[in-house]
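Structure here, sequence nowhere to be found:
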């Protein structure tokens, strides 16, 4: 038996007047996902336990069968694992975004949480430069993908309240910026970071092309190394994970999954969809499970772009779900395939919400009765079943 979980990050949304009162998922052309839902099981899943932030870290842990209440310690330690960075007991990992801030007198505003989706090549130059000018025995910078990077802090830190920068796009963030500067060694580092970035050729070139510069860093998602059993230890199966983002790869590392690197996987609309699908199909020749994550719908929603979100959903359906589903139908394998999202990212708020998400599960052995409903938020609720947590979902995918 083969098991496939396909995740369109942040696909969930609210009804939009411009779409005749439909959500982007309901409006988009998604024949592959709709067939899976109509011919398979359809229900809702609570990926975010009560009291937890509705982030991709918590929600994707749930989609892999974990209970965040038992293993979640923060987002950044998961990303550290993806980068091959081991954390000592006294070290704290932070996600380190390259951002565009606007400084107006004594006020600070979050102009762009991604510095215009800066390329990984540009960002690597900047982060390596920051390590040279601001890295110390207590602070170490590690380059990641696009705007997503890592800072490892050694030793005691003291109280610090951090927030995800994508939650504050276009909003004032003065109090959070001041919080960094109240910690002397962070203030000293930032005093070196800002002039270095302001004067760097990468940013001068970006501004000349009318692109947002990476003029600051933003620290958040902090935590220490978690303790997690592997998928094999819990469920007795071997698997692979495919994603462009370090967060998902890090979850996969702790879960004991093989991380498949796909050239050209960017985490945005230009990602290598075909490469992800091909890698998943090949992995299923030897693995029991493959988990494929596509970031683009979430990024489009954070940007507030309806057209990009529609495109991202349709690309996910046509370029990932369809080829993998069709390959499995012709493979001769018995399989169970799930389509899911980790959380909603409504365009109206441009950040995540904790609403239960629709999931559809297709079993190649089942006599076709199915839900008879398309894959979208309303249909998931209409189906009438709510899975309370990720453990229930993962066991359902496995048919247990």
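Thanks, I have it. None of the values given here were measured: they were computed from a predicted structure.

got a list of what residue 54 touches?
Residues near residue 54 by Cβ atoms under 8 Å, 6 or more residues apart in numbering: 48, 343, 344, 352, 353, 354. Every C-beta, even on glycine, is put in place using the N, C-alpha and C of the backbone.

which among the residues you listed gets closest to residue 146?
Distance to residue 146 across these (Cβ to Cβ) is lowest for residue 352, with 18.5 Å.

picking up where we left off before, which two among the contacts of residue 54 are spaced furthest apart?
Among the contacts of residue 54, 48 and 344 lie farthest apart (Cβ to Cβ), at 9.9 Å.

on that earlier part again, which of the contacts of residue 54 lies closest to residue 333?
Using Cβ to Cβ, the contacts of residue 54 come closest to residue 333 at residue 343, 30.3 Å.

Which of the contacts of residue 54 fall within helices?
Judged by DSSP state H, the subset of the contacts of residue 54 located in helices is empty.

ok, residues contacting the helix or strand harbouring residue 362?
Taking DSSP states H and E as the definition, residue 362 sits inside strand 357-363. Residues from elsewhere that reach strand 357-363, judged by Cβ under 8 Å, 6+ apart: 12, 33, 36-37, 39-45, 47, 59, 325, 335-344, 371, 375-377, 379-381, 383, 387, 393, 396-397, 399.

Quick one, which of these are buried?
12, 33, 36-37, 39-45, 47, 59, 325, 335-344, 371, 375-377, 379-381, 383, 387, 393, 396-397 (16 or more other Cβ atoms under 10 Å).

taking these one by one, which sit in strands?
Members of those lying in strands (criterion: DSSP state E): 41, 42, 43, 44, 45, 335, 336, 337, 338, 339, 340, 387.

Centroid-nearest residue for this structure?
Centroid-nearest residue in the chain, with Cα atoms, centre = their mean: residue 56, separated by 4.7 Å.

do you know how far the nearest residue to that one once chain neighbours are set aside is from residue 254?
Computed as Cβ to Cβ, 6 or more residues apart in numbering, the closest residue to residue 56 that is not its neighbour in sequence is residue 342, at 5.4 Å. Per Cβ to Cβ, to the nearest Å, residue 342 is found 17 Å from residue 254.

where are the low-confidence patches of the stretch 151-300 of the chain?
Residue ranges of the stretch 151-300 of the chain with pLDDT under 70: none are present.

Please enumerate the strands of it.
216-223, 239-242, 258-259, 289-294 (DSSP state E, counting those that start in this stretch).

Among those strands, which comes closest to residue 203?
strand 216-223 (10.7 Å).

List the pairing partners of the closest one within its sheet, with orientation.
strand 91-104 (antiparallel) (DSSP bridges).

Buried residues of the partner strand, list them for me.
Of all the residues in strand 91-104, those buried under the rule 16+ other Cβ under 10 Å are 91, 92, 93, 94, 95, 96, 97, 98, 99, 100, 101.

Please apply the same query to stretch 266-285.
266-269, 271-273, 275-277, 279-281, 283-284.

what's near enough to touch the nearest residue to residue 128 once chain neighbours are set aside?
For residue 128, ignoring the flanking residues on the chain, the nearest one in space by Cβ to Cβ, 6+ apart is residue 143 at 6.3 Å. Counting by Cβ under 8 Å, 6+ apart, residue 143 touches 120, 123, 124, 127, 128, 149.

Isn't the first one up against residue 148?
No - with contact defined as Cβ atoms under 8 Å, residue 120 and residue 148 do not form a contacting pair (9.2 Å).

which one of those two has more residues nearby?
Using other Cβ atoms under 10 Å, the more surrounded residue of residue 120 and residue 148 is residue 148, with 23 against 18.

Wait, the residue nearest to the centre of the chain touches residue 343, no?
Yes - the pair formed by residue 56 and residue 343 meets the contact definition of Cβ under 8 Å, at 7.0 Å.

Quick check: neighbours shared by those two?
With Cβ under 8 Å, 6+ apart as the test, residue 56 and residue 343 both reach 9, 10, 352.

want to try TSV for those, with distance to residue 17 as columns?
Converted to TSV, the shared contacts of residue 56 and residue 343 look like this (distance: Cβ to Cβ, whole Å):
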residue	distance to residue 17
9	25
10	20
352	22
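
Tell me how the chain divides into domains.
For the chain, automatic domain parsing gives the domain ranges 2-72+227-397, 91-223.

Nearest approach to residue 82 belongs to which of those domains?
Of all those, domain 2-72+227-397 sits nearest to residue 82, with 3.6 Å by Cβ to Cβ.

Ends of the closest one, what's the gap?
Domain 2-72+227-397 stretches 10 Å from its first residue to its last (Cα to Cα, to the nearest Å).

what's the answer for stretch 175-191, then?
Note: stretch 175-191 ends 17 Å apart using Cα to Cα.

Likewise for stretch 365-377?
Span of stretch 365-377 from end to end, Cα to Cα: 26 Å.

ok, and for stretch 231-248, which residues are buried?
Buried residues in stretch 231-248 (16+ other Cβ under 10 Å): 231, 234-235, 239-248.

Between those, which sits nearest residue 139?
So of the buried residues of stretch 231-248, ranked by how close each gets to residue 139 (Cβ to Cβ), first place is residue 246, at 18.8 Å.

quick one: secondary structure of the residue lying closest to residue 196 once chain neighbours are set aside?
Closest residue to residue 196 apart from its sequence neighbours, by Cβ to Cβ, 6+ apart: residue 133 at 5.1 Å. Under DSSP: H, G, I helix; E, B strand; the rest coil, residue 133 falls in the helix class.

Count residues in the vicinity of residue 133, would you?
By other Cβ under 10 Å, the residues close to residue 133 number 13.

Isn't it up against residue 192?
Yes - look at residue 133 against residue 192 with Cβ under 8 Å: they come within range, at 5.1 Å.

any idea how far residue 387 lies from residue 108?
On the measure of Cβ to Cβ, residue 387 and residue 108 end up 41 Å apart.

cool, and residue 330?
55 Å.

same check, this time on residue 157
From residue 157 to residue 108 the distance is 21 Å (Cβ to Cβ).
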